[in-house]
Every structure is written in structure tokens, then in C-alpha cells.
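Asks: after the sequence you'll find the predicted model.
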Amino acid sequence: MHPKVLRAVSVVYLSVMIDMLGSSLIMPVTPFLTIKVGGNQSQVGTVFAAYAAAQLVSTLWMGKFSDRFGRKLTFIISMLGSCVGLLGTGVSQNPGQLIASRAVGGFFAGSSGAANAYISDVTSKEERPRYLALVGAAAAISFVVGPPVGSGLAQFTLRVPAFVASGAALFGLLLTLFFIQNPKTLQASLSDKPTKKVKAVQDGDAISVQEVPVETETPSQSSSGAQQQNDEENPASPVPQEPEEPPKKVRWHFVLMIGFMSFTNVTAFTVISALLALWLQQVKGYGSLETGFIFTGAAILGVIDQVLLFNWVRVKIGLPLTAVLGGTLAAAGAMLVPWFDGHLAPVLIGIGVMTIGNFFVTSGIPSLLSFEATGKNTGTILSVGQFASAGARIVAPIMYTQVIQRSLEVPWVISAGASVVTLLVALILYFLMKPPKEKVDTEPLTEEGEHAKEELEGQTEVATYFINLLKERNYKFFHRRARVGIKQRIEETFPYLRPEGEERMEDIRAFLAELSDAGAAVLADHPLAGN
């Protein structure tokens with residue numbers, strides 16, 4: 001990844017982490033704050049659902065808004081809304097005000113969605129799953145810090161965490177204003193021409209390398225000059241160009257299946273975020289401080305999962321099977337929690353296994369959706385996952401808080417069932433997305449075939465060497481036919497080489513000797529004459 005892109009992506013991660021810090025600070029105290037302002041256990045679920053309902057509405061406009069008006073403006077609006085909503089949470093005097101304040105925060109809770117769209121814009125298809133998973137890791141880091149800090153601040157008063165969270169959102173807003181670039185602006189800055197280029201100069205029998213300034217040309221002069229030189233020097237061998245890809249169609253059946261998988265996965269995990277505090281209070285007598293530390297442990301597991309485990313597992317078995325594994329682990333963990341009479345060790349193990357499984361699924365959903373986007377609608381397609389997860393955060397808290405009044409075990413059974421549905425949908429996606437196997441010719445090669453294979457492998461090694469050499473010196477080009485592309489680039493870059501045969505090899509060896517002894521060794525057994 002280019003250093004400028006890496007810096008921009010790092011600022012995006014930091015902004016998401018700061019914004020999510022606000023939500024994590026108030027998470028362990030929200031149930032207790034609801035009761036303090038006059039609410040009951042049923043209204044605890046309503047407070048969580050109000051945030052999720054408003055977030056559901058926000059997904060209807062925020063994805064399209066970011067596609068049309070840019071990712072940076074979306075970040076700014078999201079941070080500003082979070083700041084106002086958290087401030088309102090801190091000053092709420094009754095359940096109605098608290099519900100309204102959380103709804104305001106949910107309506108502008110779009111920083112992670114904007115971050116996913118931003119990462120999709122500036123990364124390649126191969127890099128995307130890794131860097132999208134780190135968005136979730138940035139959020140998880142905030143949940144490592146937030147719950148214990150929020151629980152500690154709540155020892156002063158239950159309102160203090162909300163005020164601190166509002167300040168964190170304000171800091172994220174300032175960070176976004178001054179340090180985040182729109183992807184188009186960032187990509188334009190990467191296309192600047194280098195100020196120097198490498199030129200080979202012949203002095204008698206020796207060839208030396210010099211750096212010379214690049215002449216400034218207008219775009220029309222540059223393109224016409226390059227075309228003229230190309231026509232004069234290589235009339236029969238034009239620079240290979242990558243063909244334009246036909247317009248990509250969105251496979252909506254895959255998008256909807258991935259969205260449904262997001263819904264069931266979040267439904268399963270909401271038993272922890274919305275219910276765990278009340279469950280621990282009734283079963284173990286824990287308050288906000290103890291609950292905060294348990295949330296912290298779960299968040300640490302989430303960071304380890306997304307930074308280390310997820311990418312390793314994804315590379316080994318692919319995204320759909322990673323989701324299958326995640327659903328299996330989440331179901332097993334949910335069934336483990338309630339069946340040991342509230343003993344702490346099984347509860348902690350079950351929560352840990354659930355967390356790992358949930359993040360295996362959560363980390364892969366943005367990547368799966370981004371692969372179905374066409375480029376111009378990335379924000380819109382990614383918002384499908386957020387819409388589904390927000391819908392789950394509306395339904396699940398209300399359902400769980402109603403069920404827990406009748407049974408302490410049934411909510412965990414429901415969570416396990418939702419995880420089973422998640423793994424089944426992921427399994428279906430695996431078989432639908434699995435490419436057909438290519439037929440492999442198992443017949444032995446003839447003597448002529450073996451000779452051609454060895455020649456091709458030799459050319460590929462030489463081509464790779466020169467590709468890396470030219471890229472190090474700021475040349476950017478695409479090629480499909482390595483022999484044609486490399487030959488032309490050699491002619492353009494080293495015009496003083498003699499045309500062919502052994503004389504040409506002597507010039508190449510002399511040039512490489514000036515650069516590195518390793519270069520001469522690479523070409524010793526791969527003469528370029530005639531290639």
C-alpha cells in the first residue's frame with residue numbers, strides 16, 4: 001500500500017475508534033441510567049431499540065449520501081450528530097428524553113459505514129478484506145478502553161460517561177475536518193509525476209546511471225510526444241493496454257443473503273450487548289463496574305480476532321467458510337453460558353467463544369458486500385449490511401428483555417438458534433459462490449513441450465526482475481504480454497543498449513554491475529537476445 005494511502009487509512013481508523021469510544025463508554029451504564037431516570041427493565045430494551053431504529057433510518061440515506069457527496073462530509077455529519085446525541089443522553093431527566101437522545105445518536109451513527117466505503121475506494125480487491133477487518137478492530141479497541149473507563153466514571157455519577165463520550169465525538173469531528181481526504185483527492189495526489197528519472201549514459205565501453213529532472217509538459221504534449229516516440233521506435237509493438245471491463249451488474253440475491261446473515265449474526269450477539277448487564281445482575285449480583293470489565297475482556301478478544309485470527313483463517317478457508325466457522329462458535333458459546341448454574345468460568349468461556357465467532361462473521365460481511373458493488377454504489381451496497389444489523393438491534397433488545405422476565409436461559413437459546421441460521425446461510429453462500437473446478441491436463445508433456453515450459457519460466461523470471469526494477473524507479477505500467485511490454489520498457493529506459501546478440505548482453509551486464517552484483521547473477525543464465 002502506498003504510504004499516503006496508509007496514512008489516510010490510519011486516520012480513518014483513528015476517527016472510527018474515537019467515535020465508537022463514545023458508544024462504549026455508556027454501554028455498561030445505560031441500563032442503570034434508564035432505571036435512574038424513572039424507567040423499568042422493559043424500557044431498557046426500548047432505549048437500545050431507539051438507537052437501533054434511528055440507525056436503521058440512517059442507513060437509508062447515509063450510504064447514498066456518501067456516494068454522492070463524498071466520504072469526508074459523511075464523516076463530519078456523523079461525528080457532529082454523535083456529539084449532540086451523547087450530550088443529550090447526559091442531560092436526560094426522564095425515559096422519554098433518554099430515548100430521544102439515543103435516537104439522535106443512532107440517526108447519525110454512520111462513521112463505520114463511511115469508513116468501510118472509504119477503505120473499499122482506496123484498496124485493491126486482494127487487500128480489501130484485511131483492511132476492512134481492521135475497521136472492526138479499531139471499533140473493538142474502543143470497546144477495550146470504553147467499558148472500564150465508563151464504569152469507573154460512573155462511580156462519580158451515571159451521567160459523567162455520557163459527557164466524556166460527547167467530548168470524544170467532538171475530538172473525532174476535529175480530526176476528520178483537518179486530516180481526512182476524500183478518496184478522489186487522495187488518488188489524484190498519487191498520480192503526480194516523479195520529479196526525477198533514471199537515465200543510462202554510455203562513456204566509451206562503460207555504462208553509468210544518472211538521475212535527471214523530468215521535463216514539464218502539458219498533458220497534450222506529453223501524450224502526443226509519447227505516442228510519436230512509440231510509433232517511431234516500435235511500429236509493430238504497441239504498449240499493451242488493459243481492456244475496459246464491461247459494466248458489472250449487482251447480484252442482488254447475494255447482497256440480500258449477506259444482509260440476512262448480518263441480521264441473524266447481530267441478533268445472536270445482542271444478547272451480550274443488551275442483556276448481559278441485567279443477566280449478570282440477577283444471576284451474580286454484579287453491578288456496572290464488574291460488567292464493564294467483562295465487556296473489556298470480550299473487546300480484547302475482538303481485537304485479537306480481527307487483527308490476527310480473522311485474516312489468517314480467511315486466507316486459509318475463504319470468507320464464506322470463515323462465516324460458517326464463526327456461526328458455529330457463536331452457537332456453541334451461547335449454549336455454554338447458562339447451563340452451569342451461573343459459575344463464572346463457563347460464563348466467561350462462553351462469552352469469549354461467542355465473541356470470536358461473532359467477529360469472524362462481522363469482519364467478513366463488508367468484504368462480501370463490497371465484492372458485489374460496482375464502484376459507483378459502494379456506499380449504498382455496504383449500507384445493506386448496516387440496515388440489516390440495525391434492524392436486528394431493534395428487534396433483539398425488545399425480545400430479549402421481554403423473555404428474560406420469564407426465563408434466564410431462553411434468551412441464550414434464542415441467540416444460539418440465530419447463530420445456527422447464520423452458519424447455514426454462510427454455507428449456502430459458500431456453495432453458490434464457489435467457482436467451478438478447471439479441468440487439469442494430466443497427460444505428460446512432450447520433449448518440445450518441456451523445452452517451451454522451461455523457456456517460458458525463464459522469461460517470466462527475467463520479466464519479474466525488470467518489472468520490480470522499473471517500479472522502484474517510479475515507472476507505472478500494465479502488461480499482459482511480458483515479452484512485448486518488457487522489451488519496450490527496456491528500449492525506452494535504456495536507449496544506449498546495443499540492439500541484439502552478445503553485444504546487447506555485455507551492455508546489460510555492465511549496467512547491472514553498476515546497480516548490484518545480484519542483478520548480474522539473475523541474468524547470467526537468461527540471455528535476452530532475440531526476446
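Replies: Received, thanks. Numbers count the residues shown, from 1 in each chain.
Asks: so where's the stretch 401-531 of the chain uncertain?
Replies: Counting by pLDDT under 70, the stretch 401-531 of the chain has low-confidence residues at 434-497, 499-501, 508-531.
Asks: give me that answer again for 80
Replies: Residue ranges of the stretch 401-531 of the chain with pLDDT under 80: 401, 404-405, 408, 433-531.
Asks: in what helix or strand does residue 303 lie?
Replies: helix 288-304 (DSSP states H and E).
Asks: mind giving me the packing neighbours of the helix or strand following that helix?
Replies: Using DSSP H and E, the helix or strand that directly follows helix 288-304 along the chain is helix 310-317. Applying 3 or more C-beta pairs under 8 Å, 6 or more residues apart in numbering; DSSP states H and E, we find helix 310-317 packed against helix 128-153, helix 319-336, helix 344-370. C-beta here means a position set from N, CA and C on the backbone, and glycine is covered the same way.
Asks: contacts for helix 310-317?
Replies: 129, 130, 133, 322, 325, 359, 360, 363, 364 (C-beta atoms under 8 Å, 6 or more residues apart in numbering).
Asks: what's around the second one, how many residues?
Replies: The one in question is residue 130. 19 (other C-beta atoms under 10 Å).
Asks: list the residues that contact it.
Replies: residue 311 are the contacts of residue 130 under C-beta under 8 Å, 6+ apart.
Asks: that one and residue 44: what is the separation?
Replies: Distance, residue 130 to residue 44, by C-beta to C-beta, to the nearest Å: 37 Å.
Asks: need the CA coordinates for whatever helix or strand residue 89 lives in. CSV is fine.
Replies: Assessed by DSSP H and E, residue 89 sits inside helix 71-91. C-alpha atoms of helix 71-91 as CSV (Å, rounded to 0.1, in the frame of the first residue of the first chain):
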residue,chain,number,x,y,z
ARG,A,71,-16.9,10.2,2.4
LYS,A,72,-15.4,13.1,4.3
LEU,A,73,-18.7,15.1,4.5
THR,A,74,-20.4,11.9,5.7
PHE,A,75,-17.8,11.5,8.5
ILE,A,76,-18.3,15.1,9.6
ILE,A,77,-22.1,14.8,9.8
SER,A,78,-21.8,11.5,11.6
MET,A,79,-19.4,12.9,14.2
LEU,A,80,-21.5,16.0,14.8
GLY,A,81,-24.7,14.0,15.3
SER,A,82,-22.9,11.6,17.7
CYS,A,83,-21.6,14.6,19.8
VAL,A,84,-25.1,16.1,20.1
GLY,A,85,-26.8,12.8,20.9
LEU,A,86,-24.4,11.8,23.6
LEU,A,87,-24.6,15.3,25.2
GLY,A,88,-28.4,14.9,25.3
THR,A,89,-28.0,11.4,26.9
GLY,A,90,-26.0,13.0,29.7
VAL,A,91,-28.7,15.7,30.5
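Asks: lowest mean pLDDT among the helices and strands of this structure, which one is it?
Replies: helix 219-233 (a mean of 42; mean pLDDT, DSSP states H and E).
Asks: on that earlier part again, so for the helix holding residue 303, what gets flagged as buried?
Replies: Going by neighbour count (16 or more other C-beta atoms under 10 Å), the buried part of helix 288-304 is 288-292, 294-304.
Asks: cool, stretch 415-435 as well?
Replies: For stretch 415-435, by 16+ other C-beta under 10 Å, it's 415-423, 425-426, 429-430.
Asks: hey, C-alpha coordinates of that stretch in CSV?
Replies: The C-alpha trace of stretch 415-435 is given here as CSV (Å, rounded to 0.1, in the frame of the first residue of the first chain):
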residue,chain,number,x,y,z
SER,A,415,-29.1,-16.5,20.5
ALA,A,416,-27.7,-20.0,19.7
GLY,A,417,-30.5,-20.5,17.2
ALA,A,418,-29.8,-17.3,15.4
SER,A,419,-26.1,-18.3,15.1
VAL,A,420,-27.1,-21.6,13.6
VAL,A,421,-29.2,-19.8,11.0
THR,A,422,-26.1,-17.6,10.3
LEU,A,423,-23.8,-20.6,9.6
LEU,A,424,-26.5,-22.2,7.3
VAL,A,425,-26.8,-19.0,5.2
ALA,A,426,-23.0,-18.8,5.1
LEU,A,427,-22.8,-22.4,3.9
ILE,A,428,-25.3,-21.7,1.1
LEU,A,429,-23.2,-18.7,0.1
TYR,A,430,-20.1,-20.9,0.0
PHE,A,431,-21.6,-23.3,-2.5
LEU,A,432,-23.2,-20.6,-4.6
MET,A,433,-20.0,-18.5,-4.8
LYS,A,434,-17.7,-21.4,-5.2
PRO,A,435,-16.1,-21.2,-8.7
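Asks: run through who's touching that stretch.
Replies: By C-beta under 8 Å, 6+ apart, the surrounding residues in contact with stretch 415-435 are 254, 257-258, 260-261, 264-265, 267-271, 318, 320-321, 323-328, 330-332, 334-335, 354, 357, 361, 368.
Asks: what packs against the helix holding residue 89?
Replies: helix 3-26, helix 41-69, helix 95-107, helix 111-122, helix 160-179.
Asks: would you mind giving those as JSON lines with distance to residue 308, mean neighbour count and mean pLDDT added?
Replies: As requested, the helices and strands packed on helix 71-91 are exported to JSON lines (distance: least, C-beta to C-beta, whole Å; neighbours: other C-beta atoms under 10 Å; pLDDT from 0 to 100):
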{"stretch": "helix 3-26", "distance to residue 308": "16", "mean neighbour count": "22", "mean pLDDT": "82"}
{"stretch": "helix 41-69", "distance to residue 308": "29", "mean neighbour count": "21", "mean pLDDT": "80"}
{"stretch": "helix 95-107", "distance to residue 308": "31", "mean neighbour count": "22", "mean pLDDT": "90"}
{"stretch": "helix 111-122", "distance to residue 308": "19", "mean neighbour count": "27", "mean pLDDT": "81"}
{"stretch": "helix 160-179", "distance to residue 308": "26", "mean neighbour count": "21", "mean pLDDT": "88"}
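Asks: ok, which of those helices comes nearest residue 391?
Replies: For these, proximity to residue 391 was assessed by C-beta to C-beta; helix 41-69 is nearest, at 5.6 Å.
Asks: helices and strands around that closest one, which ones?
Replies: Against helix 41-69 (3+ C-beta pairs under 8 Å, 6+ apart) you get helix 30-36, helix 71-91, helix 95-107, helix 111-122, helix 378-403.
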